[in-house]
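Asker: For reference, the sequence and a predicted model appear below.
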Amino acid sequence: MAGLAIGSWEGGKYISRLKLPLRFYVLLEIGIALSAIMVSVLLVNFHNWCSQMYQLLSGNIGILTITQFVLGSLLIFLQTAFMGATVPNMASVPSE
């Protein structure tokens, strides 16, 4: 939800200065696709770096839980920010 909110806020500030908002919308959709591919590539080796994190933090379940939350949030932040920026962009595109 934070990614959607930040993307919508920042996208709303940026979209008012554009002459061709539809072009920006296409770029946002491409950004969503590319960042989703990037996360997919990162998740292929998820078990390798996640097992190291578990071994390192196994003594403190609180820090392990916070670390998992932060890493999960960072993995989806870029896509959700792009998705949030599409909302004010769609609202600004004039219908023809």
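Answerer: Done, it's in.
Asker: going forward, measure contacts between C-alpha atoms and count neighbours the same way
Answerer: OK.
Asker: For the spatially most central residue of the chain, give me its contacts.
Answerer: Computing the C-alpha centroid of the chain and ranking residues by C-alpha atoms, centre = their mean puts L78 first, at 2.2 Å. L78 makes contact with G3, I32, S35 under the criterion C-alpha atoms under 8 Å, 6 or more residues apart in numbering.
Asker: go again using 7 Å as the cut-off
Answerer: Residues in contact with L78, defined by C-alpha atoms under 7 Å, 6 or more residues apart in numbering, are S35.
Asker: Going by residue numbers, what spans are helices in the chain?
Answerer: Taking DSSP state H, the helices of the chain run over residues 2-15, 21-44, 46-57, 61-92.
Asker: Could you provide the ones you listed in CSV, with additional columns for mean pLDDT?
Answerer: Converted to CSV, these look like this (pLDDT from 0 to 100):
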stretch, mean pLDDT
helix 2-15, 87
helix 21-44, 89
helix 46-57, 78
helix 61-92, 87
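Asker: Tell me the spacing between the residue nearest to the centre of the chain and G31.
Answerer: Computed as C-alpha to C-alpha, to the nearest Å, the L78 to G31 distance reads 9 Å.
Asker: What is the burial count for the closest residue to L64 other than its chain neighbours?
Answerer: Using C-alpha to C-alpha, 6 or more residues apart in numbering and skipping the chain neighbours, the partner closest in space to L64 is L57 (5.6 Å). If you count neighbours by other C-alpha atoms under 10 Å, L57 ends up with 15.
Asker: What of F82?
Answerer: 26.
Asker: Same question for the one 4 residues further on.
Answerer: Residues contacting T86 under the criterion other C-alpha under 10 Å number 25.
Asker: Alright, I will stop here.
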